[in-house]
Every structure is written in C-alpha cells, then in structure tokens.
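# only the shape, not the letters, is given here:
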C-alpha cells in the first residue's frame with residue numbers, strides 16, 4: 001500500500017544513480033535541475049551520473065552534466081555531514097515532466113509532510129532490509145507521511161547540533177517514527193512533544209531515501225539527510 005504507481009505528482013521524485021551508489025532527488029521547476037542531498041553525490045564523478053524518471057511509459061534516464069554542492073558542505077572521511085547537506089544537479093536536457101516548487105512558508109514544525117523516495121523496504125518493528133533482501137531496491141518508489149516535531153536551534157536545545165556538526169540554526173527539521181503508543185514516543189518522552197503518530201500512514205526514511213523530498217502542500221519543505229541509529233529510535237517499541 002506504500003508503493004507509488006507512475007502517473008501522478010510523485011513522478012517528479014527521481015532516482016540518483018552514481019557509479020557505485022544511489023539515492024533519491026526531486027525535479028525542480030521546469031525539470032532542468034534536481035535537488036538532492038550533498039552526501040549522495042559528493043566525490044562522485046559526474047560523467048556516469050544519471051537520474052532515473054519513472055513514467056507510465058517506463059523508466060527514462062537523463063545524464064547529469066553538473067553537480068553543484070553547497071559551498072559550506074564539509075563532510076567527514078565517509079563523505080557525510082549533517083550541515084549544509086544539499087546539492088543541485090543540472091541535467092543534460094530538461095526532464096519530460098515539470099518539477100516541484102519550494103515551500104516558502106514558516107509552518108513546518110507541527111505540519112504533516114509526505115515523504116517519497118527509493119529507499120530500501122522495511123518495517124517499523126524490524127527496520128530496513130538489506131539490499132539483497134529487497135528485490136525492488138532502486139526500482140520501487142514508496143511514500144507515506146510523518147510530522148515535523150522540532151527544528152534545529154529552536155525551542156528544544158537538546159537537538160541543536162545533535163549529530164555533532166555545527167549546523168546553521170533552522171536548517172534541520174526532525175521527526176520520530178511512532179507506533180501509536182505513548183511508551184514508544186521518543187520525542188514525547190525526552191522533549192515533552194507528545195505525538196503518537198499517524199497510524200499506518202506513518203513512515204520513516206531508509207538507505208536509498210537520501211535526497212528524497214518531504215512535501216508540504218505539494219511543495220518541497222525539506223530533503224532527507226540522515227537519522228539516528230536504531231538504538232536511539234522507537235522502531236522496536238522501546239526507548240533506549
């Protein structure tokens with residue numbers, strides 16, 4: 001029930017394919033550019049890079065001719081940083097469909113958003129599968145919802161720079177993965193942000209969703225950058 005069929009708004013969510021890695025992204029405006037996470041493309045050669053666009057007529061690949069990474073992105077040895085983790089890709093030609101607009105409002109915290117991407121399959125109880133366990137990895141687009149709970153540098157000091165990088169205040173939005181019970185509500189337990197979730201509509205990101213858009217009213221309010229390890233989340237119904 002989470003799988004997205006081609007032929008709707010989500011067609012503008014694309015796969016980003018590098019030589020050895022992959023991620024997700026979102027077409028912008030007239031389809032000439034793709035928004036994604038910097039760590040998806042950092043250090044990757046541009047020549048072999050492509051985006052995959054799944055349409056009712058089938059999958060189309062478009063070459064990437066330029067990668068524009070945020071000038072203040074300073075990754076660690078693995079190529080990742082939570083600060084300024086954003087990039088745009090210029091395509092060799094405009095995509096056959098238009099892209100999304102950017103959300104310009106100030107009401108992200110407390111809003112329900114839609115997450116769509118090419119992440120590995122998984123469940124709340126078991127976490128994400130491995131690449132070998134998910135035959136649709138990189139091919140299957142999935143979607144669901146969650147709610148933004150708090151922003152970096154905002155009212156909850158404990159989440160400020162929580163991943164160890166000095167991120168610009170207001171640049172990271174956080175959400176937890178709830179199972180409908182108060183005992184497994186991490187942000188409720190630790191920060192007093194009581195919210196037991198959206199039931200079966202609630203989803204979380206998995207590997208492969210990096211760069212995926214999170215949409216409010218059909219506009220890009222954020223992109224998937226990273227998250228805490230399972231020992232710090234409530235996917236197993238406990239708080240550690």
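Yes, it's here. As the structure is a prediction and not an experimental result, all values here were calculated from the model.
# max-length helix in the protein?
Using DSSP state H, we find that the single longest helix of the chain is helix 186-191.
# neighbours around residue 140, how many?
Residues contacting residue 140 under the criterion other CB atoms under 10 Å number 17. For every residue, glycine as well, the C-beta is placed using N, CA and C.
# same question for residue 29.
Neighbours of residue 29 under the rule other CB under 10 Å: 12.
# try residue 156
Residue 156 has 18 neighbours, counted by other CB under 10 Å.
# helix, strand, or coil at the residue of the chain most remote from its centre?
Farthest-out residue of the chain from its mean C-alpha position, per CA atoms, centre = their mean: residue 183, at 26.1 Å. At residue 183 the chain is in helix, as set by DSSP: H, G, I helix; E, B strand; the rest coil.
# from residue 192, how far off is it?
Separation of residue 183 from residue 192 (CB to CB, to the nearest Å): 15 Å.
# can you pull out the low-pLDDT segments for this structure?
Applying pLDDT under 70 to the chain flags the ranges 229-240.
# please enumerate the strands of it.
Per DSSP state E, the chain carries strands over the ranges 13-17, 22-28, 33-36, 50-55, 58-69, 87-91, 112-117, 122-123, 127-128, 142-147, 150-151, 173-174, 213-216, 219-223.
# adjacent strands (with direction) for the fifth one?
Strand 58-69 has the following strand partners under DSSP bridges: strand 50-55 (antiparallel), strand 87-91 (antiparallel).
# next, format these as a markdown table and append distance to residue 144 and mean neighbour count.
Below are those laid out as a markdown table (distance: least, CB to CB, whole Å; neighbours: other CB atoms under 10 Å):
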| stretch | distance to residue 144 | mean neighbour count |
| --- | --- | --- |
| strand 50-55 | 18 | 19 |
| strand 87-91 | 24 | 21 |
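# make JSON lines out of these and add distance to residue 17.
Shown next, in JSON lines, are those (distance: least, CB to CB, whole Å):
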{"stretch": "strand 50-55", "distance to residue 17": "5"}
{"stretch": "strand 87-91", "distance to residue 17": "11"}
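# quick one: which of those is nearest residue 76?
strand 87-91 (16.6 Å; CB to CB).
# what comes into contact with the closest one?
16, 25, 28, 31-38, 40-42, 49, 51, 62-70, 73 (CB atoms under 8 Å, 6 or more residues apart in numbering).
# relative to strand 22-28, how tilted is that strand?
70 degrees (axes from the mean of the first three to the mean of the last three CA atoms, to 10 degrees).
# what's the neighbour count on the closest residue to residue 218 other than its chain neighbours?
Leaving out its chain neighbours, the residue that sits closest to residue 218 by CB to CB, 6 or more residues apart in numbering is residue 9, at 6.2 Å. Using other CB under 10 Å, residue 9 has 14 neighbouring residues.
# likewise residue 145?
Using other CB under 10 Å, residue 145 is surrounded by 18 other residues.
# I'd guessed it sits against residue 113; true?
Yes. Using CB atoms under 8 Å, residue 145 is in contact with residue 113, at 6.7 Å.
# just to revisit the earlier point, export the strands of the chain to a markdown table and tack on distance to residue 205?
Below are the strands of the chain laid out as a markdown table (distance: least, CB to CB, whole Å):
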| stretch | distance to residue 205 |
| --- | --- |
| strand 13-17 | 13 |
| strand 22-28 | 9 |
| strand 33-36 | 13 |
| strand 50-55 | 18 |
| strand 58-69 | 21 |
| strand 87-91 | 17 |
| strand 112-117 | 6 |
| strand 122-123 | 10 |
| strand 127-128 | 9 |
| strand 142-147 | 9 |
| strand 150-151 | 17 |
| strand 173-174 | 12 |
| strand 213-216 | 9 |
| strand 219-223 | 10 |
